[in-house]
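S.K.: Have a look; sequence and predicted model below, questions after that.
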Amino acid sequence: MYTNTSSTPPFPPYATTAPSDFIDSMDETNYISVNLPKPMGIVFEENDSEFGGIFVLEINEGSNAESEGSVRPGDQLVAVGTKKVSGLAFEEALGAIIESSEEKTKLVFFRGPSKFLYGPAGASAEWLDEFVGAAKVESTA
């Protein structure tokens, strides 16, 4: 039998709160969806190789994306239409937009940094598959 005779707890306490900047990637309210005609006017950049995927680097002035008003620099691209592109290489993710033949292409974004989408606290592949497949994000345009 173990008896703790010291004033310190026998095991280190676990963190009970998330970091102050944490954005939950399994909370549907942290996603946006837009329908944009091409050219969209979004400049994408590849995330660090640690995570993969692409994010919005900037929105071109006077572009369709700027006029629509929802997409922001830093947003992580998750899906194009019904195709999940999260974690794909730059060429593959951007290729899904280029290949879209729709008048307006639906884009789904996670509104948070890559470390919360792809890191240890990120959404599981199963959750993202279900989320994208169910089209649970309402389009703003």
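M.R.: The structure has been received and is ready for your questions. Being a predicted model, the structure only gives us computed values, none of them experimental. Numbering: from 1, shown residues only.

S.K.: Walking through the chain, point out its helices one by one.
M.R.: For the chain, the helices defined by DSSP state H cover 64-68, 90-99, 114-118, 125-134.

S.K.: Out of the ones you listed, which one sits most buried?
M.R.: Per-stretch averages of neighbours, counted by mean count of other Cβ atoms under 10 Å, single out helix 114-118 among the helices of the chain, with a mean of 22. Every C-beta, even on glycine, is put in place using the N, C-alpha and C of the backbone.

S.K.: Packing partners of that one?
M.R.: strand 76-80 (3 or more Cβ pairs under 8 Å, 6 or more residues apart in numbering; DSSP states H and E).

S.K.: Report the rounded mean pLDDT for the strand it packs on.
M.R.: Summarised as a single mean, pLDDT over strand 76-80 is 96.

S.K.: tilt between that strand and helix 125-134?
M.R.: Computed with axes from the mean of the first three to the mean of the last three Cα atoms, to 10 degrees, the direction of strand 76-80 lies at 50 degrees from that of helix 125-134.

S.K.: Return strand 76-80 as PDB; C-alpha atoms alone will do.
M.R.: The C-alpha trace of strand 76-80 is given here as PDB (Å, rounded to 0.1, in the frame of the first residue of the first chain):
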ATOM      1  CA  GLN A  76      -7.100  26.200 -44.000                       C
ATOM      2  CA  LEU A  77      -8.600  24.700 -47.100                       C
ATOM      3  CA  VAL A  78     -10.500  21.500 -46.100                       C
ATOM      4  CA  ALA A  79     -12.700  20.600 -49.100                       C
ATOM      5  CA  VAL A  80     -13.400  21.600 -52.700                       C
END
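
S.K.: That one to helix 90-99, inter-axis angle?
M.R.: Going by the same axes, to 10 degrees, strand 76-80 makes 50 degrees with helix 90-99.

S.K.: tell me how far strand 76-80 is from the chain's mean position?
M.R.: In terms of Cα atoms, centre = their mean, to the nearest Å, the centre of strand 76-80 is found 6 Å from the chain centre.

S.K.: Give me the contacts around it.
M.R.: Applying Cβ atoms under 8 Å, 6 or more residues apart in numbering, the contact partners of strand 76-80 are 31, 44, 47, 53-56, 84-86, 93, 96-97, 100, 105-114, 117, 128, 132.
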